[in-house]
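Chemist: Just a sequence and a predicted model for now, questions to come.
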Amino acid sequence: MKPFLILQLRPETEASDDEFNAILQKSGLKPSDAVRIRLDQDDLPIGLNLDDFSGVIVGGGPGCISDPHEKKSPTEARIETSVLSLMPQITARDFPFLGCCYGIGILGYHLGSEISKTRYAEKVGASDCRLTSDGKSDKICANMPDTFHAFVGHKEALQHLPEGCVHLVSSPTCLYQMIRFGDNVYATQFHPEADDAGFETRIQIYKDQGYFPPEDAQNLIELCRSANVYAPELILKNFVKTYTRV
């Protein structure tokens, strides 16, 4: 099979490794089925050809695309530029793409929609998500319950549905939890790869980065441990099943 290209944006090795392993586990991919690029360490290869891959999966990260450029570290700015450089080709070709958390900001920004901290930020925890009518009939949401919990934690969000997009999942605290552009370009605000153990790792790593008061870390860990989160991983499974090519 042609591998899936997995682009990672987390500069913290423990968080990046945990995310990569979670993507493999929840999607059913083997390490040999994936090409992993940590964009905090490596640039995209010159002449990268999407035809060499079944699809592209972009993980989350601590950056905010809506932050002023001068507030971004050189690493954060380089990561952002690298991911955005692929989006014109992906959207023009309607190439299979799944952006997770930061990925919905990348897609929305590329499509000219507002990404900001004005509305829809969510504290670390489990969000009450619901499939829209379009979500219920979408191939990547197949076999998902109409309502489900998903792990979230983000400072910015998509404020309006970009032109050419379909709204697939919403929640009371964040309207645009999942969207699709064209037929094959997807993005989620929640983390389809995350489970309670993975989120505990991230809580410990990012507790001093403004997502929540550091003293709340243990309470958030307990909250995540008690959450019934199982459905979001079906998005990864369905994405891989739908787009695997030989």
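Modeler: Sure, I can see it. Numbers count the residues shown, from 1 in each chain.

Chemist: buried ones in the one helix or strand D18 maps to?
Modeler: Under the assignment given by DSSP states H and E, the secondary-structure element containing D18 is helix 13-27. Neighbour counts over helix 13-27 (16 or more other Cβ atoms under 10 Å) mark A15, S16, D18, E19, F20, A22, I23, L24, K26, S27 as buried. No exception for glycine: its C-beta is placed from N, CA and C like everyone else's.

Chemist: likewise stretch 95-115?
Modeler: Applying a neighbour-count criterion of 16+ other Cβ under 10 Å, the buried positions in stretch 95-115 are 95-111, 113, 115.

Chemist: now do stretch 221-228
Modeler: Within stretch 221-228, judged by 16+ other Cβ under 10 Å, the buried ones are I221, L223, C224, A227.

Chemist: which residues sit against that stretch?
Modeler: V124, G125, A126, H149, F151, D196, F199, E200, I203, Q204 (Cβ atoms under 8 Å, 6 or more residues apart in numbering).

Chemist: Assumed the second one was part of a strand.
Modeler: Yes: counting by DSSP: H, G, I helix; E, B strand; the rest coil, one finds G125 located in a strand.

Chemist: What ranges does this protein have for its helices?
Modeler: Secondary structure of the chain by DSSP state H: the helices cover 13-27, 74-93, 102-110, 133-136, 196-206, 217-226, 233-243.

Chemist: I'd like the average pLDDT over the fourth one.
Modeler: The reference is to helix 133-136. Across helix 133-136, the average pLDDT comes to 98.

Chemist: With stretch 200-217 instead?
Modeler: Here the mean pLDDT over stretch 200-217 is 89, rounded to a whole number.

Chemist: can you pull the alpha-carbon coordinates of that stretch into CSV?
Modeler: Extracted C-alpha coordinates of stretch 200-217, given in CSV (Å, rounded to 0.1, in the frame of the first residue of the first chain):
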residue,chain,number,x,y,z
GLU,A,200,-2.8,13.0,30.7
THR,A,201,0.6,13.1,29.0
ARG,A,202,-0.3,16.4,27.3
ILE,A,203,-1.8,17.9,30.4
GLN,A,204,1.5,17.4,32.2
ILE,A,205,3.6,18.7,29.3
TYR,A,206,1.4,21.8,28.5
LYS,A,207,0.3,22.8,32.0
ASP,A,208,2.4,26.0,31.9
GLN,A,209,1.3,27.1,28.4
GLY,A,210,-1.9,28.9,29.3
TYR,A,211,-4.5,26.3,28.6
PHE,A,212,-5.5,26.1,32.2
PRO,A,213,-4.1,27.1,35.6
PRO,A,214,-1.2,24.8,36.4
GLU,A,215,-2.8,23.9,39.8
ASP,A,216,-5.8,22.4,38.0
ALA,A,217,-3.7,19.8,36.2
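
Chemist: Next, the buried residues of it.
Modeler: Of all the residues in stretch 200-217, those buried under the rule 16+ other Cβ under 10 Å are E200, T201, R202, I203, I205, Y206, K207, Y211, F212, A217.

Chemist: Widest-spaced pair of those residues?
Modeler: Greatest spatial distance in the buried residues of stretch 200-217: T201 and F212, 15.1 Å, computed using Cβ to Cβ.
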